[in-house]
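*Asks:* Sequence first, predicted coordinates after that:
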Amino acid sequence: MDRMAFYVAELWRYAVKSLAGERLSITTLAPDGVTGDRMVRVRGPEGVRTARRHYRLLGLHGGLDPNGHALINGYPWDSPDALALVRDAAGADAWLEACDGLDRFDILPLLVATDGAVAAFGRDVRRLRPNIVLGGVDGLAEREWVETQLHIGEAFIRFDSMRSRCVMTTIDPDTLRLDSGVLRDIVDRFENKLALNAEVTHGGTIRVGDPASFV
């Protein structure tokens, strides 16, 4: 495997699960991933509600205020205004709850994409919902990285497995139009796997532009 150095091209945080994320220039990685990631989730009587079934959630934007409090379209997540927006997107019986356990992640706390694979995918990287996008990667080299470790800034992360993709990739992040052909294409060309599930083995601050190298 090529041991050349790469770099951090993009950083993303999703303060509210299944809502659109926010692009960062700097963040801190901890055992539970990007600080402030998936702090709040949408629930209904049946359990957690996501954009897999309630795709209009992706039309709302999650973020953090300067005190680290989650926001939805600029409103505090626990405000009546935020709840009204979520209920309009996910149903009148939906509610919001804070969450801090590792079960708030679908698999592992980090999802890492590479510019080479995104170029091969040929669509907006937001469809893949990564936390980190690595630049300077040739083609589909990420498929050879399972069970390797990367040093970025002050942090170390371990790649566990390739991510199997779901219907959320079919939702246009701007128009919210659905295109089932996107997922079929991922299945046909990439065996339904794009980007890497990862965990933080040593925390620390990372920035856009930081070099990244295998250890």
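*Replies:* Perfect, thanks for sending it.

*Asks:* And the helices in the protein?
*Replies:* 80-90, 115-121, 180-190 (DSSP state H).

*Asks:* how about a markdown table for those, with mean neighbour count and mean pLDDT added?
*Replies:* No exception for glycine: its C-beta is placed from N, CA and C like everyone else's. Output for the helices of the chain, formatted as a markdown table (neighbours: other Cβ atoms under 10 Å; pLDDT from 0 to 100):
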| stretch | mean neighbour count | mean pLDDT |
| --- | --- | --- |
| helix 80-90 | 18 | 98 |
| helix 115-121 | 19 | 98 |
| helix 180-190 | 15 | 98 |
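
*Asks:* now those in JSON lines, with distance to L60?
*Replies:* JSON lines is the format used below for the helices of the chain (distance: least, Cβ to Cβ, whole Å):
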{"stretch": "helix 80-90", "distance to L60": "6"}
{"stretch": "helix 115-121", "distance to L60": "24"}
{"stretch": "helix 180-190", "distance to L60": "21"}
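
*Asks:* do you know which of those helices lies nearest A9?
*Replies:* helix 115-121 (5.9 Å; Cβ to Cβ).

*Asks:* mind checking how far that closest one is from the chain centre?
*Replies:* 16 Å (Cα atoms, centre = their mean, to the nearest Å).

*Asks:* Export that helix to PDB, keeping only CA atoms.
*Replies:* C-alpha atoms of helix 115-121 as PDB (Å, rounded to 0.1, in the frame of the first residue of the first chain):
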ATOM      1  CA  ASP A 115     -11.400  12.900  -2.800                       C
ATOM      2  CA  GLY A 116     -10.400  10.100  -5.200                       C
ATOM      3  CA  ALA A 117     -13.500   8.000  -4.300                       C
ATOM      4  CA  VAL A 118     -15.800  11.000  -4.300                       C
ATOM      5  CA  ALA A 119     -14.500  11.900  -7.800                       C
ATOM      6  CA  ALA A 120     -15.300   8.400  -9.000                       C
ATOM      7  CA  PHE A 121     -18.700   8.600  -7.400                       C
END
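
*Asks:* list the helices and strands it packs on?
*Replies:* Using 3 or more Cβ pairs under 8 Å, 6 or more residues apart in numbering; DSSP states H and E, the elements in contact with helix 115-121 are strand 132-135, helix 180-190, strand 193-202.
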